[in-house]
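Undergrad: Would you be able to build a 3D model of this:
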Amino acid sequence: MSKKLYLMRHGETLFNVLGRIQGWCDSPLTDRGIAQAKTARQWFAAHHVTLTEAHCSTAERAADTLELVTDLTYTREKGLREHGFGRFEGQPEYLNPAIPYGDFFVPYGGEADQTTIDRVVATVDRLMAAAPDDAQVLMVSHAGATHSFLSQRAPAGVLNERMPNCGIAIFDYEAGAYTFEQIVDPVASAKQREGSHDKI
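TA: Residues are numbered from 1 along each chain as shown. Prediction:
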């Protein structure tokens, strides 16, 4: 029996607004980030998705987002953490090199791209394999971590732009294999609905 994976980025944070590199370090959700998470909750309800299982990274921004999206109990998984940037954590975003990073951050105590890819994919694979048949699984992670997973489990070119805050990558999972379905931006979807209502 197939299962469904909803891999979601956290809501907007203070460091997102300030343009700071945010990997293993943390910053709180902004008011806008809180609103984004609540909009994502509404998206799941509107599309009749009954989540049965939930997980997130160990970052507070991910846990806070998850708790706004669902009332399910959940586990916090180190494997779902963002890319580690070492001494670049908290520094201005303009210091980030172009993607892919390769091994750029390793000499500064950070992670290589492949290290992030391996741990995120292994964590998601383990959690999905352990989930019961017909499970609807929410995992709240980060832009870079989600991109790492998509690079291995989605068709090439699926994510050419940064995952939006509270964006959701949806996969069908069966017998260890993933089928990519779509990336949803609940906030953009809500704005489109509001715009269509205004025209009526």
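Undergrad: Give me the nearest residue to Ala188, chain neighbours excluded.
TA: Take Ala188 and drop its neighbours on the chain: the residue closest to it by CB to CB, 6 or more residues apart in numbering is Pro164, 7.2 Å away. In this view, the C-beta of every residue, glycine as well, is placed from N, C-alpha and C.
Undergrad: and the one you found, what element?
TA: Using DSSP states H and E, Pro164 maps to neither a helix nor a strand.
Undergrad: max-length helix in this protein?
TA: Longest helix of the chain, by residue count under DSSP state H: helix 113-130.
Undergrad: Mind listing residues that contact that one?
TA: The contact list for helix 113-130, computed with CB atoms under 8 Å, 6 or more residues apart in numbering, reads 3, 5, 7, 55, 77-80, 83-84, 100-103, 137, 139, 141, 144-145, 148-149, 151-153, 173, 176.
Undergrad: And these, which of them are buried?
TA: Among the contacts of helix 113-130, those buried by neighbour count (16 or more other CB atoms under 10 Å) are 3, 5, 7, 55, 77, 79-80, 83-84, 101, 137, 139, 141, 144-145, 148-149, 151, 153, 173.
Undergrad: the strands in this protein, which residues?
TA: In the chain, the segments counted as strands under DSSP state E are 3-9, 53-57, 75-77, 136-141, 168-174, 177-184.
Undergrad: what angle sits between the last one and strand 3-9?
TA: The directions of strand 177-184 and strand 3-9 differ by 40 degrees, with axes from the mean of the first three to the mean of the last three CA atoms, to 10 degrees as the criterion.
Undergrad: Put the alpha carbons of strand 177-184 into CSV.
TA: What follows is strand 177-184, C-alpha atoms only, in CSV (Å, rounded to 0.1, in the frame of the first residue of the first chain):
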residue,chain,number,x,y,z
ALA,A,177,10.2,4.1,-4.2
TYR,A,178,9.1,7.7,-4.4
THR,A,179,6.9,9.3,-7.1
PHE,A,180,7.1,13.1,-7.1
GLU,A,181,3.7,14.7,-7.4
GLN,A,182,4.1,18.5,-6.9
ILE,A,183,5.4,21.4,-4.9
VAL,A,184,2.6,23.4,-3.2
